[in-house]
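> Prediction below, plus the sequence it came from.
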Amino acid sequence: MKDRSHPANGLQNWRGVQTMLCAGFLALLAGCSPPSSAPTATATPPPLPPANPEIAALGAKVYTESCANCHQDGAGNRGMPALRGSAVVSGPAAGLIEVVLKGQRGKSLVNGQKLNSTMPATDYLTDEEAAAVVMHVRRKFANVGDEVSRADVKKQR
């Protein structure tokens, strides 16, 4: 049995405690997050590159002419729903195609906001225009890059 009254034994025990405290402190530091003033990575990924420049240009043109008056820069306007963060925009393309072609009216809940508005049908768009604007909206406001074809639109008519 060790004699704990001897100063050397107490010193060895204290060194063991110091070692354990230092190891615990370093482990704690490893799990710490950076201070709030430190720069952090942005949560929004960069926009996707367009799959086809002509389709991208057509989608942007149709959006400007047919959608931007109400939806603005994706944030919504005058009781019109925001496109940024919308489950319809980021979900399956078929849902957004249906809303674009057939419109939507009445009460809805979009991004936690209760709305009672009407979006007119834009069934006058060609299949190519509808596909292009759906791709534009999904790429710009939801960072979803899958292709939407004329055939996809034709199925929803």
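Received, thanks. Residues are numbered from 1 along each chain as shown.

> lowest confidence element among the helices and strands of the protein?
helix 7-30 (a mean of 48; mean pLDDT, DSSP states H and E).

> and the helix or strand immediately after that one in the chain, what's its mean pLDDT?
Under the assignment DSSP states H and E, the closest C-terminal helix or strand after helix 7-30 is helix 53-66. The average of the pLDDT scores along helix 53-66 is 95.

> what's helix 53-66 packed up against?
Contacts defined by 3 or more C-beta pairs under 8 Å, 6 or more residues apart in numbering; DSSP states H and E place helix 53-66 against helix 127-142. C-beta here means a position set from N, CA and C on the backbone, and glycine is covered the same way.

> Specify the angle between the helix it packs on and helix 53-66 in degrees.
Taking axes from the mean of the first three to the mean of the last three C-alpha atoms, to 10 degrees, one finds helix 127-142 and helix 53-66 inclined to each other by 80 degrees.

> What is the burial count for residue 64?
Using other C-beta atoms under 10 Å, residue 64 has 12 neighbouring residues.

> now it: how far from residue 143?
Distance, residue 64 to residue 143, using C-beta to C-beta, to the nearest Å: 20 Å.

> Also residue 129?
22 Å.

> Looking at these two, which has the bigger crowd around it?
Neighbours were counted for residue 129 and for residue 143 using other C-beta under 10 Å; residue 129 has more, 21 against 13.

> Identify the residues contacting that one.
Counting by C-beta atoms under 8 Å, 6 or more residues apart in numbering, residue 129 touches 58, 62.

> when you give positions from now on, start the count at 2
Sure, I'll start numbering at 2, so the last one becomes residue 130.

> Per-residue pLDDT of it, please?
pLDDT for residue 130: 98.

> which one is residue 83 nearest to, not counting chain neighbours?
Using C-beta to C-beta, 6 or more residues apart in numbering and skipping the chain neighbours, the partner closest in space to residue 83 is residue 77 (3.8 Å).
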